[in-house]
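A.B. asks: return a 3D structure for these sequence lines:
(2 chains)
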Amino acid sequence: MPTETWPAEWMRAALPLAVLAVVAEEETYGYAIAQRLQAAGLGAVKGGTLYPVLNRLEQDGLVTSSWREGAGGPGRKFFTVTPHGRAHLTGRVAAWHTFTERAAGLLPSVGSPR
Amino acid sequence: MTTGTDTYRRDLVQALRAGNVPPERIGEIVAEVESHVADTGEDPREAFGPAREYAAGFAVPPSARSRVSLWALVALGAVCGWLIAEGVLGVFRNEPVLGLPEGYALVAGWLLWVPAVVVQARRHAPVRDPRTGRSLSPGRGRVVLAMTVVLLLLMVVTALAAALTSA
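C.D. replies: Got it, this is the predicted structure:
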């Protein structure tokens, strides 16, 4: 998987749903989410980008957070999806796929002259 | 690394306060930064960008209450400063202030300083680390001390100026 830097506006659009999906897989914390996104090929997401997204999801009631004692450090903030967040994700996933397919349908195929 | 984190924390708390972010939120934001860089080993500036820029994303417009308290603070500070400066000059020149003995101005200046300090201390509600409950900001004691030092300095400066000009 190439480690690429995607255009910032693409990341802005995709991150809220991608982060919500990662949190919905299992309860997790910031650094682990960033690693998961990178492993999925979305590139290195900096803390300064990731936490505002998480805060926004929490503000919207899609995730909740709590501080837990860490093994070495003074603790990590764990994020858990809420039932509302799960419902939101289910609803948006289908819409996202439709949207990206339609957008892709407008683009010339890779390698074509125009 | 530690000093980098400490400076960043101080700058971030300051910038978030300036952006009217509530103290509980400030504690959360700062703890997120520290816990994240503890995991990644990055410098906070590198991971979150300059403290001011990161804080700008959380800024909220000042509440009516905080605007009133700021104006009260500025007004009280200005009146205190004027009374103290006039009082000290009065002592040197042996002139009354506003028709009253100059000592009255000094006493009134210091008395008005008390509400100014109270207002400022209220504006500086302590910021706590949600992980440890430890205070992340200079305590209210420091606010009181700093403001008292400012007024004392004003007295010293005015006294020096008065001594120099009358000599």
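A.B. asks: contacts and neighbour counts: CA atoms only from here.
C.D. replies: Noted.
A.B. asks: now the residue of chain B found nearest chain A. Nearest residue, chain neighbours left out?
C.D. replies: As assessed by C-alpha to the nearest C-alpha, chain A sits closest to B:Phe48 within chain B, at 3.8 Å. The shortest distance from B:Phe48 to any non-neighbouring residue, by C-alpha to C-alpha, 6 or more residues apart in numbering or on different chains, is to A:Gly48 (3.8 Å).
A.B. asks: for the residue of chain B closest to chain A, give me its contacts.
C.D. replies: A:Lys46, A:Gly47, A:Gly48, A:Thr49, B:Val33, B:Tyr54 (C-alpha atoms under 8 Å, 6 or more residues apart in numbering or on different chains).
A.B. asks: mind running it again at 10 Å?
C.D. replies: A:Lys46, A:Gly47, A:Gly48, A:Thr49, A:Leu50, A:Tyr51, B:Val33, B:His36, B:Val37, B:Glu42, B:Tyr54, B:Ala55 (C-alpha atoms under 10 Å, 6 or more residues apart in numbering or on different chains).
A.B. asks: could I have the buried ones of those residues as PyMOL selection syntax?
C.D. replies: Command for PyMOL that selects the buried part of these, burial taken from 16 or more other C-alpha atoms under 10 Å in any protein chain shown:
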select buried, (chain A and resi 47+48+49+50+51) or (chain B and resi 33+36+37+54+55)
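A.B. asks: inside helices: which ones of the contacts of B:Phe48?
C.D. replies: Under the assignment DSSP state H, these contribute A:Gly47, A:Gly48, A:Thr49, A:Leu50, A:Tyr51, B:Val33, B:His36, B:Val37, B:Tyr54, B:Ala55 to helices.
A.B. asks: what sits closest to B:Gln120 if chain neighbours are left out?
C.D. replies: Per C-alpha to C-alpha, 6+ apart, closest to B:Gln120 is B:Leu73, 6.9 Å.
A.B. asks: which other helices and strands contact the helix or strand that neighbour falls within?
C.D. replies: Using DSSP states H and E, B:Leu73 sits in helix B:64-93. When contacts are defined as 3 or more C-alpha pairs under 10 Å, 6 or more residues apart in numbering or on different chains; DSSP states H and E, helix B:64-93 packs onto helix B:102-123, helix B:140-166.
A.B. asks: for that helix, the averaged confidence score.
C.D. replies: Mean per-residue pLDDT for helix B:64-93: 88.
A.B. asks: ok, now how distant is the residue nearest the centre of chain B from B:Ala121?
C.D. replies: Compute the mean C-alpha point of chain B, and by C-alpha atoms, centre = their mean the closest residue is B:Val143, 6.0 Å away. Between B:Val143 and B:Ala121 the distance is 6 Å, computed by C-alpha to C-alpha, to the nearest Å.
A.B. asks: ok, B:Gly4 next?
C.D. replies: 28 Å.
A.B. asks: more neighbours: which of the two?
C.D. replies: Neighbours were counted for B:Gly4 and for B:Ala121 using other C-alpha atoms under 10 Å in any protein chain shown; B:Ala121 has more, 18 against 11.
A.B. asks: shouldn't B:Ala105 be in contact with B:Glu95?
C.D. replies: No. B:Ala105 lies out of contact with B:Glu95 (C-alpha atoms under 10 Å); the separation is 11.3 Å.
A.B. asks: mutual contacts of the two, please.
C.D. replies: B:Glu86, B:Gly87, B:Val88.
A.B. asks: tell me, how many residues neighbour the closest residue to B:Arg9 other than its chain neighbours?
C.D. replies: Using C-alpha to C-alpha, 6+ apart and skipping the chain neighbours, the partner closest in space to B:Arg9 is B:Val30 (6.6 Å). Using other C-alpha under 10 Å, the number of residues around B:Val30 comes to 23.
A.B. asks: understood, closing this out.
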